[in-house]
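# Got a sequence here, can you build the structure:
(one chain, ligands or ions: 1)
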Amino acid sequence: MSRILIVEDEPGIAFALENDLQTEGYEVAVVADGVEAVSRARSESFDLILLDVMLPNKDGFDVCRELRRGGLRTPIIMLTAKTQEAEKILGLDLGADDYVTKPFSPRELRARIRAVFRRGVAEAGGEVHRFGRCELDLARFELRRDGQRVEATHTELKLLTAFVRGRGRVLTREHLLEEVWGSGFYVSDRVVDNHIVALRKKIEDDPVAPRHLIGIRGVGYRFEG
Ligand code: CA
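Reported below is the predicted structural model:
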């Protein structure tokens, strides 16, 4: 299930977005202020950020710029109130992936979200990596086990991609944080460990005695095919 962070200070719009995206099957978190948006985006893993422009404490332009300068690569769709703001998003080097002008229809926004996710998948390329009973299909960006699609978050798939590409090598938590979450800011190592636990449940026959995602005490993890 993909996680989306909604940054919107108008309660009516935030509530409508939250409802609509949850109905679509996304996991959703909502914040109403720019400073909190930066801190949540850095401390948790999201697959997409919907970012309003006019916000208390720090506006959406600054939030976007700050997250990108910190190395965060999570796709960002800006929600703008006016066409001038939209022009600004295009004109400034903010690093946003797309923008939607208010008032927008839920259908339009959903289409934009799917397009952003598709682009991420396309960038991942067309490799298929097989290991054990699983295969990671990078063209479709999906994990299969015994030929059946396994539910996995965008972040879990990115993490697994880093592992299969670094097969046989020990990857440190720092390396994984940088590769999957983006460099330049502090995220707890626990974030990596928690995702490893989740991934093991999906790919290992026995998650307690893993054969693929091997923990190397005090260093990180090694992936074995
Ligand atoms: Ca606003």
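# Centre-most residue in the protein?
Computing the C-alpha centroid of the chain and ranking residues by C-alpha atoms, centre = their mean puts Asp47 first, at 2.3 Å.
# Contact partners for that one?
2-4, 74-75, 117, 153-155 (C-beta atoms under 8 Å, 6 or more residues apart in numbering). All C-beta atoms are positioned from the backbone trio N, CA, C, and that covers glycine.
# Leaving out sequence neighbours, find the closest residue to it.
His154 (3.6 Å; C-beta to C-beta, 6 or more residues apart in numbering).
# and if you look at Ala152?
Once flanking residues are discounted, Ala152 sits nearest to Leu143: 4.9 Å by C-beta to C-beta, 6+ apart.
# Verify the stated contact: the one you found with Gly132.
No. The criterion here is C-beta atoms under 8 Å, and Leu143 misses it with Gly132 at 11.6 Å.
# how close does whichever residue of the chain sits closest to the ion sit to Leu171?
The chain approaches the ion most closely through Met54 (3.9 Å), counting by C-beta to the ion. Here the distance between Met54 and Leu171 works out to 41 Å (C-beta to C-beta, to the nearest Å).
# Domains in this protein, by residue range?
Taking automatic domain parsing as the reference, the chain has its domains at 3-122, 128-223.
# Now render those as TSV, adding mean pLDDT.
Formatted as TSV, those follow (pLDDT from 0 to 100):
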stretch	mean pLDDT
domain 3-122	89
domain 128-223	87
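# can you map out the strands along this protein?
Secondary structure of the chain (DSSP state E): strands located at 3-7, 27-31, 48-52, 76-80, 98-101, 128-131, 134-137, 142-145, 148-150, 170-172, 213-216, 220-223.
# among those strands, which is the most enclosed?
For these, the largest average neighbour count (mean count of other C-beta atoms under 10 Å) is found in strand 48-52, namely a mean of 26.
# So which residues on this protein come close to the ion?
Applying C-beta under 5 Å from the ion, one finds that the chain approaches the ion through 9, 52, 54.
# In TSV: these, plus distance to Gly60.
Output for the residues of the chain next to the ion, formatted as TSV (distance: C-beta to C-beta, whole Å):
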residue	distance to Gly60
Asp9	10
Asp52	5
Met54	7
